[in-house]
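1. Just the structure for this:
(2 chains)
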Number of protein chains: 2
Amino acid sequence: MQRIANLLVYKNGQVLLLKKPRRNWYVAPGGKMEPGESIFSAAVREYTEETNTTPIRPHLKGIYTMVIEEDGERIDEWMLFTFIARDLEGTPFKETKEGVLEWHPVEELEVLPMAEGDRTNLLFAVKEHGVQYGTFVYTPDFTLLKETIQQSSEGEVTNG
Amino acid sequence: MQRIANLLVYKNGQVLLLKKPRRNWYVAPGGKMEPGESIFSAAVREYTEETNTTPIRPHLKGIYTMVIEEDGERIDEWMLFTFIARDLEGTPFKETKEGVLEWHPVEELEVLPMAEGDRTNLLFAVKEHGVQYGTFVYTPDFTLLKETIQQSSEGEVTNG
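-> Model (predicted):
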């Protein structure tokens, strides 16, 4: 079971996105968690490797169960963990083997080409309080078949 | 890769714990996520199955990488997701095949017999704001060899 962490930096009204070469779809930089690593450490490490920058005070915004179905059969499943940070240190790479790094006005998350589940995740990360959970079911070419979403927010810590 | 969700209800100064028969160690009720399920749905479903109650407004408090090592080799790894809720609906079972359900004053989390990593998780869940992340490395008989912890809290949503 793969565990993938990605991280969106949202600063001065802009988000730093990675444009992947295959279809020019945009993603938040990230990658695979290593064995024994915490998901937080994985998000920071992968972000730094992919962008040449260090995210400041990253925080978890979403946990997603990602499913690929073909002819009604589940052929792959992984977990996606989405973090946000409001600042970064360093100067991002312009281009890497993973793709092209670009700052975009946050409003463009609504319209840039990307997997539809990613749009749901990233808009939640920049707009909403709390944590989002859900399952996204895709075809092998990443047409979204179904999404099921939940969310929660921190309660009062003093009422126990 | 197993994904385990557990959930601690903390209400009126007490927490509902499950005493497992093998060593009389205490745990928060929970269990295995099913394929395609979200971790939130898994936490609620497993809690309800194990306790006969429904947690009210559960919220994620921790994501942990759990590792079993023997003679320096990693022999097992899974992910643990810990939720908290401040209320529940229904009357808990007294005893199930999983163990005995007991309310304990929250202070007893400091001293009740349990895996030491669980103590870290559950104390964080009841006492702290934000989300905790980490890796716990255990021997096969659950002696804690190493723990590495991070935490984060929600930033301002309006400063992007």
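2. got a list of contacts for stretch A:29-49?
-> Here stretch A:29-49 makes contact (Cβ atoms under 8 Å, 6 or more residues apart in numbering or on different chains) with A:2-7, A:16-18, A:50-51, A:53-55, A:58, A:60, A:81, A:83, A:98, A:101, B:63-65, B:67, B:74, B:77, B:79, B:133-135, B:137, B:148, B:150, B:152. (C-beta placed from N, C-alpha, C; glycine too.)
3. pull the CA atoms of that stretch into CSV?
-> C-alpha atoms of stretch A:29-49 as CSV (Å, rounded to 0.1, in the frame of the first residue of the first chain):
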residue,chain,number,x,y,z
PRO,A,29,4.6,18.7,-5.0
GLY,A,30,5.1,15.5,-3.0
GLY,A,31,5.9,11.9,-3.3
LYS,A,32,6.1,8.5,-1.6
MET,A,33,6.6,8.0,2.1
GLU,A,34,9.5,5.7,2.9
PRO,A,35,9.2,2.7,5.3
GLY,A,36,9.4,3.7,8.9
GLU,A,37,9.0,7.4,8.1
SER,A,38,6.2,9.5,9.6
ILE,A,39,3.8,11.1,7.1
PHE,A,40,4.8,14.5,8.3
SER,A,41,8.5,13.9,7.7
ALA,A,42,7.7,12.4,4.3
ALA,A,43,5.7,15.5,3.3
VAL,A,44,8.6,17.8,4.3
ARG,A,45,11.3,15.6,2.8
GLU,A,46,9.5,15.1,-0.6
TYR,A,47,8.6,18.8,-0.8
THR,A,48,12.1,19.9,-0.2
GLU,A,49,13.5,17.4,-2.8
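4. looking at chain A, which helix or strand does the model trust least?
-> strand A:95-96 (a mean of 94; mean pLDDT, DSSP states H and E).
5. which residues sit against that one?
-> Contacts of strand A:95-96 (Cβ under 8 Å, 6+ apart): A:50, A:101.
6. change it to 10 Å
-> Contact with strand A:95-96 is made by A:18-19, A:21, A:29, A:49-52, A:101-102, as judged by Cβ atoms under 10 Å, 6 or more residues apart in numbering or on different chains.
7. what element comes up after it heading to the C-terminus?
-> As assigned by DSSP states H and E, the chain's next helix or strand after strand A:95-96 is strand A:99-105.
8. Mind listing what's buried along that next one?
-> Judged by neighbour count (16 or more other Cβ atoms under 10 Å in any protein chain shown), strand A:99-105 contains these buried residues: A:99, A:101-102, A:104.
9. average pLDDT for whichever strand or helix holds residue A:44?
-> Element membership for residue A:44 (DSSP H and E) is helix A:39-51. Throughout helix A:39-51, pLDDT has a mean value of 98.
10. do stretch A:1-18 as well
-> Average pLDDT, stretch A:1-18: 97.
11. and the end-to-end length of that stretch?
-> 24 Å (Cα to Cα, to the nearest Å).
12. cool, stretch A:9-20 as well?
-> Start-to-end, stretch A:9-20 (Cα to Cα) is 17 Å.
13. Please enumerate the strands of chain A.
-> A:2-11, A:14-19, A:26-27, A:30-32, A:54-56, A:59-70, A:73-85, A:87-89, A:95-96, A:99-105, A:131-138, A:144-152 (DSSP state E).
14. CSV please, covering these and showing distance to residue B:25.
-> Formatted as CSV, the strands of chain A follow (distance: least, Cβ to Cβ, whole Å):
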stretch, distance to residue B:25
strand A:2-11, 27
strand A:14-19, 45
strand A:26-27, 42
strand A:30-32, 33
strand A:54-56, 37
strand A:59-70, 27
strand A:73-85, 27
strand A:87-89, 42
strand A:95-96, 47
strand A:99-105, 48
strand A:131-138, 28
strand A:144-152, 28
